[in-house]
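J.: I need the structure of the sequence given here:
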Amino acid sequence: MKNLLVRLHSLGDVVLASGTAVSMAESGEVSFASRPVYEPIIRRIPGGIEPVPVSGGWKELRKASEDFSTIVDLQNNLTTGLAFAGRNVKKFHFSRRLRRKVLFGARTAIPWRAEEYLKTWSDHGNPSPVLTRLETPPDGRFTVGIVAGGRWPMKTIPSGAVTELARLFCDVKGAQVLIMGDSEDVPLAGHIVEQCGYRDVKTVAGEGGISRLISRVEKLDLLISPDSGPAHLAMALGVPVQVVFTSTSPALGFWPENFKGAFMVKPIPCRPCHRHGGKKCTAGDEQCRRMLVPREMFEEAVCLLQ
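T.: Numbers count the residues shown, from 1 in each chain. As a prediction, this is how the structure comes out:
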């Protein structure tokens with residue numbers, strides 16, 4: 001059988017689909033259609049998964065899918081709907097109604113997306129994201145990555161908390177700390193390094209490219225990150241990760257139930273307030289970010305390593 005798995009974007013979702021790709025590979029050849037930027041992720045999925053880069057619209061995807069006997073559509077949007085019109089396709093279905101309930105404070109949770117992805121293909125298998133780890137941390141060097149900044153301001157870890165965390169890991173654990181982020185976060189990362197003074201803290205923000213990000217993450221002993229793509233990469237690579245939830249929550253379905261690496265201020269009744277974290281605090285006080293205590297984050301992160 002020739003199987004095609006489709007998840008066009010985004011970084012976290014492509015990683016979450018890796019478990020499904022591995023399960024599909026047990027029954028035949030598997031190709032993974034996604035945006036070209038995510039090709040480095042797909043090449044790290046075990047099982048010889050072949051990337052099918054799709055940079056255009058539905059017509060390009062339709063042509064690329066012609067020779068496949070089975071198609072699993074984990075995107076299920078207008079683009080894939082037009083591309084696969086008239087074909088027998090297994091489609092992932094997401095409940096926006098359930099998400100609205102979670103966002104409006106209902107005491108419920110969206111099922112873990114990795115599990116829902118796998119169910120689109122089969123009732124059997126392991127949904128856990130997995131990427132091949134090619135490198136490990138250098139011997140004798142304890143290295144911690146901390147993700148600063150981000151696209152959604154309310155989902156980020158405050159810069160003061162990042163600075164204090166970096167100091168704690170240097171002073172208490174003798175660690176080297178890498179401040180990570182996108183190109184837009186370079187000034188913020190530089191400021192954090194400056195505030196850390198003489199300590200072994202440096203910025204690798206804005207290095208560019210997912211390949212470079214994967215290479216950085218897989219050589220860490222620990223990653224501390226907001227609820228974002230780098231955290232999903234770390235989990236799939238087998239790197240211990242502390243995910244700091246501010247305006248988002250595991251209840252949104254992007255992390256497994258009782259995920260041990262979750263850290264958040266409790267209780268915040270308005271959390272989650274936005275599926276991506278949001279750009280402004282709806283309550284006006286940013287408690288989910290302001291009340292983060294770096295010492296508590298540090299102690300829980302150290303427990304993860306033990």
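J.: Surely residue 75 touches residue 7?
T.: Yes - contact criterion Cβ atoms under 8 Å: residue 75 and residue 7 qualify, at 5.6 Å. All C-beta atoms are positioned from the backbone trio N, CA, C, and that covers glycine.
J.: Which one of these two is surrounded by more residues?
T.: More neighbours surround residue 7 than the other of residue 75 and residue 7, with 27 against 20 (other Cβ atoms under 10 Å).
J.: Touching, the more buried one and residue 18? I think so.
T.: No - Residue 7 lies out of contact with residue 18 (Cβ under 8 Å); the separation is 9.6 Å.
J.: Break down the chain into its helices, ranges please.
T.: Secondary structure of the chain (DSSP state H): helices located at 11-16, 18-24, 39-42, 58-64, 78-83, 96-103, 113-121, 159-173, 186-195, 210-218, 229-237, 287-290, 294-305.
J.: right, and those helices - which one's nearest residue 251?
T.: Closest to residue 251 of the helices of the chain, according to Cβ to Cβ: helix 96-103, at 5.2 Å.
J.: in the closest one, what counts as buried?
T.: 99, 101-103 (16 or more other Cβ atoms under 10 Å).
J.: And those, which is closest to residue 41?
T.: For the buried residues of helix 96-103, the nearest to residue 41 is residue 99 (24.7 Å; Cβ to Cβ).
J.: and that closest one, what does it touch?
T.: Residues in contact with residue 99, defined by Cβ atoms under 8 Å, 6 or more residues apart in numbering, are 110, 252-253, 275.
J.: give me that answer again for 10 Å
T.: Counting by Cβ atoms under 10 Å, 6 or more residues apart in numbering, residue 99 touches 110, 251-253, 272, 275.
J.: ok, of these, which one's closest to residue 206?
T.: After measuring these against residue 206 - Cβ to Cβ - the closest member comes out as residue 275, at 26.3 Å.
J.: my guess is that closest one meets residue 94, correct?
T.: No - contact criterion Cβ atoms under 10 Å: residue 275 and residue 94 do not qualify, at 11.0 Å.
J.: Neighbour count for the two, which is higher?
T.: residue 275 (17 against 13).
J.: Just the pLDDT for that one.
T.: Here, the pLDDT recorded for residue 275 equals 93.
J.: now it: how far from residue 253?
T.: 10 Å (Cβ to Cβ, to the nearest Å).
J.: Overlap in contacts, these two.
T.: With Cβ under 10 Å, 6+ apart, residue 275 and residue 253 have common neighbours 99, 102, 110.
J.: Residue 68: neighbour count?
T.: 20.
J.: residues contacting it?
T.: Applying Cβ under 10 Å, 6+ apart, the residues near residue 68 are 1-6, 29-31, 33, 52, 87.
J.: do that again at 7 Å, thanks
T.: Neighbour list for residue 68: 2-4 [criterion: Cβ atoms under 7 Å, 6 or more residues apart in numbering].
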